[in-house]
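Build me a model:
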Amino acid sequence: MTIAILSALAEEQHGLVDAMEDMQSQRHAGRDFWLGRLHGHEVVCALSGIGKVAAATTTAALIERFGVRAIVFTGVAGGIGQGVNVGDVVIARQFLQHDMDASPIFPRWELPGYGCTTLACDGAMTDRLVQAAASAVQAGIVASHASARVHEGLIASGDQFVSSRQASDRLRTELQAASHHVLAVEMEGAAVAQTCFDYCVPFAAMRTISDRADDSAHVDFSEFVRTVASRYAQLVVSDFLRQLR
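Predicted structure coming up:
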């Protein structure tokens with residue numbers, strides 16, 4: 001079974017690609033894909049691109065062109081749930097598109113044609129990802145975030161960078177009023193989840209919290225990705241693959 005490692009940012013892939021055996025690269029649909037073996041598995045690494053359309057296109061290419069049969073996504077997100085802090089890791093159990101609104105034809109946030117608002121990640125893969133993330137956090141690999149925690153639950157995706165306290169508070173309040181208790185917000189995961197649902201491909205995702213989706217969302221972002229998010233991504237994905245053996 002070929003497994004795809006899909007990442008939002010190149011920094012999260014460098015260590016994984018460098019560790020591949022028999023690595024080769026291919027270019028398709030304007031994207032680079034790295035193929036090889038990692039921890040005993042056939043894998044394809046790719047970057048999702050920014051936004052839902054780019055992420056869906058990349059996911060479809062992984063399935064159609066490269067025949068992947070499972071996808072793991074890594075990236076960063078803004079934390080908007082209570083107690084979700086910078087340096088924490090959120091493992092998705094479900095995804096929701098917070099900018100989906102086909103009302104009054106369909107209820108707000110419902111996916112037209114799907115009859116649901118949220119899409120669930122694969123349970124078994126998600127359980128393994130939780131275990132891998134817990135091990136990484138407990139190991140204290142990032143000294144500056146020694147009190148980091150692992151959270152599980154709902155992540156919301158949309159084609160906007162939520163970067164003000166007002167927007168973050170409004171999004172959280174509106175979703176909570178509909179019993180959607182969102183932990184984090186980002187721009188790609190729900191599109192990957194929907195594409196995987198269409199193709200019946202199991203999917204799991206992790207996000208490292210880089211900010212609180214407020215007015216400080218731009219502060220030291222590149223440094224955080226390099227020193228925190230990329231380290232978690234490489235360690236968690238590697239541990240996840242070893243568990244599958």
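
what sits against Ile71?
Contact analysis of Ile71 by C-beta atoms under 8 Å, 6 or more residues apart in numbering lists 3-4, 6, 59, 62, 192, 196, 201-204. The C-beta positions use only the backbone N, C-alpha and C, and glycine is treated the same way.

If we use 10 Å, what do you get?
3-6, 44, 46, 58-59, 62-63, 122, 125, 192-193, 195-196, 199, 201-205 (C-beta atoms under 10 Å, 6 or more residues apart in numbering).

Repeat that for Asp101.
Contacts of Asp101 by C-beta under 10 Å, 6+ apart are 107-110.

Are any of those residues buried, and if so which?
Buried residues within the contacts of Asp101, counting neighbours by 16 or more other C-beta atoms under 10 Å: 109-110.

how about the helices in this protein?
Residue ranges of the helices in the chain, as given by DSSP state H, are 14-19, 52-64, 123-138, 165-177, 189-199, 221-224, 230-244.

and stretch 46-54, how far apart are its ends?
12 Å (C-alpha to C-alpha, to the nearest Å).

For it, the averaged confidence score.
The pLDDT scores in stretch 46-54 average 96.

Likewise for stretch 180-189?
Mean predicted lDDT for stretch 180-189 stands at 97.

Any idea which helix or strand in the protein has the lowest mean pLDDT?
helix 221-224 (a mean of 82; mean pLDDT, DSSP states H and E).

can you redo the helices of the chain as CSV with mean neighbour count and distance to Gln94?
Listed next are the helices of the chain as CSV, based on neighbours: other C-beta atoms under 10 Å; distance: least, C-beta to C-beta, whole Å:
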stretch, mean neighbour count, distance to Gln94
helix 14-19, 16, 26
helix 52-64, 21, 16
helix 123-138, 19, 10
helix 165-177, 15, 12
helix 189-199, 23, 8
helix 221-224, 13, 26
helix 230-244, 21, 19
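
Which of those helices has the lowest mean pLDDT?
Ranked by mean pLDDT, these end with helix 221-224 at the bottom, a mean of 82.

Return the list of helices and strands in contact with that helix.
Other elements packing on helix 221-224 under the criterion 3 or more C-beta pairs under 10 Å, 6 or more residues apart in numbering; DSSP states H and E are strand 203-211.

In its sheet, which strands sit next to the strand it packs on, and in what direction?
Strands adjacent to strand 203-211 in the sheet, as given by DSSP bridges, are strand 70-79 (parallel), strand 89-97 (antiparallel).

Now distance to Ser163 and mean pLDDT too, for those, in CSV please.
Compiled in CSV, the strands paired with strand 203-211 are given as follows (distance: least, C-beta to C-beta, whole Å; pLDDT from 0 to 100):
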stretch, distance to Ser163, mean pLDDT
strand 70-79, 8, 95
strand 89-97, 18, 98
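
Appreciated, that's everything.
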